[in-house]
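Visitor: test case, fold it:
(one chain, ligands or ions: 1)
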Amino acid sequence: MAEYDVVVIGAGNGGLTGALTLAKAGRKVLLLERHNVPGGCATSFVRGRFEFEVALHQLSGMGSDERPGPLRSVLGELGVLDKLEFVEMENLYRVVWPDTLDIILHAERAAIIETLQQRFPKEKEAIPGFFELVYGFSMEMIQGVFFRDPAISKEKYPLFFKYALTPTQKILDGFFEDPLLKALLGIYWSYLGVPPSRMPFGDFAIMFFAYIEFKPYHLKGGSQSLSNALLDEFLMNGGEARFNCGAQKIDISNGRVKGVTTEHGDTVLTRYVLSNASILETYLNLMDPEEAPHNALEAYRSSTIGPSAFTIYMGFDCEPGDLGIQETTNFITTTTDMDKTFSLWKTLEQQDVALFTCYDVADPEFSPKGASQAAFVSLQYAEPWYLVPPHQYYDTKYRYADGMLKLAERVFPGIRDHIEEMEVATPMTHLRYLGHPGGAIYGFDQFAKDSAYFMTSTSPVQGLYFAGAWAGSGGFQPTLTSGRSSARAILKSMAKG
Ligand SMILES: Cc1cc2nc3c(=O)[nH]c(=O)nc-3n(C[C@H](O)[C@H](O)[C@H](O)COP(=O)(O)OP(=O)(O)OC[C@H]3O[C@@H](n4cnc5c(N)ncnc54)[C@H](O)[C@@H]3O)c2cc1C
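Guide: Purely as a prediction, here's the structure:
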């Protein structure tokens with residue numbers, strides 16, 4: 001029977017970086033993926049002459065050659081940096097509320113403050129103070145938490161201890177009066193899937209800080225090029241990958257991993273498994289019930305499955321400028337009530353905040369010459385889709401997409417007439433392709449209790465580790481980083497014998 005040092009289940013961001021870290025350390029690694037391409041969310045698909053990006057809107061944590069961010073270092077260590085081409089975006093985002101607000105934030109602290117002070121003169125004094133807190137907090141978090149200061153204490157890191165778990169809305173309310181200003185500053189909440197009233201300030205501050213300081217990036221060739229590069233490097237380092245080959249069972253004996261059986265019925269021996277599948281799938285479906293660690297499962301009883309996404313992928317027969325699209329990242333909103341928006345994610349009612357990303361603005365070569373593409377996305381939970389009978393699924397999906405398009409047309413009139421190719425993905429689509437409960441793209445809801453502070457990549461089952469959104473935070477930077485961390489934990493355990 002074949003034997004491996006580690007079997008990695010799932011080739012999403014966390015699985016790929018984990019597998020590659022282990023292979024680079026000279027370990028014999030088998031990577032199993034149920035889909036036919038690497039990447040999980042980080043993939044693309046082709047319709048007509050367009051290759052559509054599934055997931056990546058703005059890559060965080062990259063930084064420049066001169067001022068590298070943490071993700072640049074991770075990708076450099078993994079040996080894929082030179083194989084990829086990154087495009088820095090000048091602006092964080094544009095927020096448009098038709099007839100009410102239209103503002104662009106440049107990805108630079110002083111410029112953002114100036115823009116906001118001009119548009120919101122009554123809040124002039126408070127605006128710099130808010131950024132001081134975001135920056136002060138983030139510096140403490142980097143020093144104390146990311147660099148693992150052994151002397152971390154309330155006295156040494158007062159902002160971190162005071163505000164890490166404070167709801168972001170409370171901080172915004174403390175600084176500002178104008179709901180428009182609060183809404184536009186907090187708009188990245190949709191990247192985490194938790195409304196400002198329930199999002200720990202620590203999560204918001206470090207994300208906002210990272211996008212401003214290290215800039216948002218676009219990846220030439222989309223996220224599939226990153227997934228392909230990670231896979232190529234893994235294979236070049238002696239790794240073995242099987243696609244269209246999910247893991248069916250983790251064999252456990254006396255509380256210790258012994259092997260993995262694939263859905264094709266082959267069993268391989270191993271003492272270590274790194275699972276990029278969801279924690280729930282791993283414990284409930286990939287092991288015998290008597291082997292599942294009931295205490296660990298009990299700890300997730302109060303956790304809830306996070307949101308998935310509803311996305312319209314559009315290929316246009318013209319360039320972005322012909323449609324009035326000047327920015328890559330456009331948040332379209334018709335409300336400042338983000339709690340209401342969040343509650344709409346659990347219904348099939350029309351959304352009132354959505355993100356319109358046109359990749360060709362940052363990278364004019366992204367689509368075929370003379371054409372362009374955009375993704376119009378709103379997060380959404382799977383629950384309302386579970387209730388749609390199969391025979392009504394397509395009608396429901398296209399009716400819903402039609403409503404979303406009406407929202408987009410309020411900012412970009414006439415785009416509908418230029419759609420050459422269109423595909424629509426619902427939470428059911430993500431459920432089918434990722435195999436995660438609810439098609440969740442960020443793992444569990446990232447409310448304070450399940451934020452990265454309290455999640456673990458280890459398991460009471462000896463030899464079992466997790467990587468990816470379900471074991472920390474969702475999003476590209478955290479999941480790419482998590483695979484490397486979990487792989488290092490496995491290497492450490494192996495070294496102990
Ligand atoms: C529409 C959309 C927009 C997004 N926008 C952004 C963005 O702009 N910025 C950002 O940072 N993040 C964004 N995200 C989120 C980000 O893409 C994800 O959080 C991240 O990619 C998840 O990585 P992961 O490591 O958790 O693995 P996943 O991508 O969840 O992949 C898990 C893999 O495991 C495989 N698998 C599952 N079960 C098994 C099994 N039994 N056997 C073998 N394989 C298995 C699946 O097939 C899949 O390939 C977006 C996601 C989507 C869908």
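Visitor: anything in stretch 196-209 near the ligand?
Guide: No - legend: contact between stretch 196-209 and the ligand by C-beta under 6 Å from any ligand atom is lacking; minimum distance shown is 9.3 Å. C-beta here means a position set from N, CA and C on the backbone, and glycine is covered the same way.
Visitor: if I read this right, His264 contacts Cys245, doesn't it?
Guide: Yes - the criterion here is C-beta atoms under 8 Å, and His264 meets it with Cys245 at 5.9 Å.
Visitor: quick one, domains of this structure?
Guide: 6-81+222-303+444-496, 107-214, 307-434 (automatic domain parsing).
Visitor: reformat these as CSV; add mean pLDDT, mean neighbour count and distance to Asn91.
Guide: CSV is the format used below for these (pLDDT from 0 to 100; neighbours: other C-beta atoms under 10 Å; distance: least, C-beta to C-beta, whole Å):
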stretch, mean pLDDT, mean neighbour count, distance to Asn91
domain 6-81+222-303+444-496, 95, 20, 10
domain 107-214, 96, 18, 6
domain 307-434, 97, 18, 6
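Visitor: touching, Leu431 and Ile441? I think so.
Guide: No - taking contacts as C-beta under 8 Å, Leu431 lies outside contact range of Ile441: 10.4 Å.
Visitor: which residues do the two both contact?
Guide: Ser308 (C-beta atoms under 8 Å, 6 or more residues apart in numbering).
Visitor: before we move on, back to that, put together JSON lines for the domains of the chain, with distance to Leu101 on each row.
Guide: Converted to JSON lines, those look like this (distance: least, C-beta to C-beta, whole Å):
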{"stretch": "domain 6-81+222-303+444-496", "distance to Leu101": "20"}
{"stretch": "domain 107-214", "distance to Leu101": "6"}
{"stretch": "domain 307-434", "distance to Leu101": "8"}
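Visitor: determine the longest helix present in the chain.
Guide: helix 476-496 (DSSP state H).
Visitor: gap between that one and the chain center?
Guide: Distance, stretch centre to chain centre, for helix 476-496: 18 Å (C-alpha atoms, centre = their mean, to the nearest Å).
Visitor: now do stretch 330-342
Guide: On C-alpha atoms, centre = their mean, the centre of stretch 330-342 falls 20 Å from that of its chain.
Visitor: straight-line length of that stretch, end to end?
Guide: 19 Å (C-alpha to C-alpha, to the nearest Å).
Visitor: got the contact list for the residue in the stretch 251-400 of the chain that the ligand sits nearest to?
Guide: Closest residue of the stretch 251-400 of the chain to the ligand, C-beta to the nearest ligand atom: Ala277 (3.4 Å). Each residue near Ala277 by C-beta under 8 Å, 6+ apart is listed here: Ile9, Gly10, Ala247, Leu286, Gly435, His436, Trp470.
Visitor: now swap in Arg109 and tell me
Guide: Residues near Arg109 by C-beta under 8 Å, 6+ apart: Phe131, Tyr135, Ile212, Glu213.
Visitor: hey, C-alpha coordinates of the strand or helix carrying the first one in CSV?
Guide: With secondary structure defined by DSSP states H and E, Phe131 is part of helix 126-141. Extracted as CSV, the C-alpha positions of helix 126-141 are listed here (Å, rounded to 0.1, in the frame of the first residue of the first chain):
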residue,chain,number,x,y,z
ALA,A,126,-12.7,63.6,13.8
ILE,A,127,-11.4,62.1,10.6
PRO,A,128,-7.7,62.1,11.3
GLY,A,129,-8.3,60.7,14.8
PHE,A,130,-10.1,57.7,13.3
PHE,A,131,-7.1,56.9,11.1
GLU,A,132,-4.8,57.4,14.0
LEU,A,133,-6.7,54.7,15.9
VAL,A,134,-6.8,52.3,12.9
TYR,A,135,-3.0,52.7,12.5
GLY,A,136,-2.1,52.7,16.2
PHE,A,137,-4.2,49.6,16.7
SER,A,138,-2.7,47.8,13.7
MET,A,139,0.9,48.6,14.7
GLU,A,140,0.2,47.1,18.1
MET,A,141,-1.4,44.1,16.6
